[in-house]
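Colleague: heads up, no residue letters with this:
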């Protein structure tokens, strides 16, 4: 059983045609630093036990069939740098608890049915510089602009997700995640 692999640091099972619910036992693997399960056929809700994995830097679960809301417990993943749940069937709001991801570099929420606002995630950019994240490390948010409000997104592309890519200090920088021109309207 996967829950007994207590020394596991990386779980990479991408593109393996795995099906069913993602095992809650993964929450016991507290040494995990990376989870890459993209391009499978996992379904059901994400287990809230994933919030126990406080050392995870990369959590990629894109292109599965997950449903429901993202567990607010994921906000406890304080070491998270990259989070990708794109192209699933998630719904509901994106929790304000995710603003705790102070080291985040890239957040991918697009290709789902989220609603509401992600403007609370804009504060990540300001707080990360206060804790010593180098100013040349980009911060990007990818959302579906027609479904979510974002006060800090630099541009929206009608053919794809909205991006936010400031790269220089609080309130500064203007690197666009989609076209690199640094301009554009809010989304």
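Modeller: Alright, I've got the coordinates. Small disclaimer: the values here were computed from a predicted structure and weren't measured. Residues are numbered from 1 along each chain as shown.

Colleague: dump the residue contacts of residue 123.
Modeller: residue 99 (CB atoms under 8 Å, 6 or more residues apart in numbering). Quick note: C-beta positions are derived from backbone N, CA and C, even for glycine.

Colleague: next, it: secondary structure please.
Modeller: Assigned by DSSP: H, G, I helix; E, B strand; the rest coil, the conformation of residue 123 is helix.

Colleague: just the pLDDT for it.
Modeller: Residue 123 carries a pLDDT value of 88.

Colleague: now swap in residue 42 and tell me
Modeller: 98.

Colleague: give the partner strands of the host helix or strand of it in its sheet and their orientations.
Modeller: Using DSSP states H and E, residue 42 sits within strand 41-44. Strand 41-44 has the following strand partners under DSSP bridges: strand 19-21 (parallel), strand 65-68 (parallel).

Colleague: which elements pack onto the helix or strand following that strand?
Modeller: Using DSSP H and E, the helix or strand that follows strand 41-44 towards the C-terminus is strand 58-60. Secondary-structure packing of strand 58-60 (3 or more CB pairs under 8 Å, 6 or more residues apart in numbering; DSSP states H and E): strand 34-36, strand 82-84.

Colleague: as a whole number, average confidence for strand 58-60?
Modeller: 98.

Colleague: who's in contact with it?
Modeller: By CB under 8 Å, 6+ apart, strand 58-60 touches 14, 33-38, 50, 74, 77, 80-84.

Colleague: tell me the strands beside it, with direction?
Modeller: Strand pairing (DSSP bridges) places strand 58-60 next to strand 34-36 (parallel), strand 82-84 (parallel).

Colleague: show me what contacts the most centrally placed residue in the chain?
Modeller: Centroid-nearest residue in the chain, with CA atoms, centre = their mean: residue 83, separated by 2.8 Å. Neighbour list for residue 83: 59-60, 77, 98, 101, 104, 106-108 [criterion: CB under 8 Å, 6+ apart].
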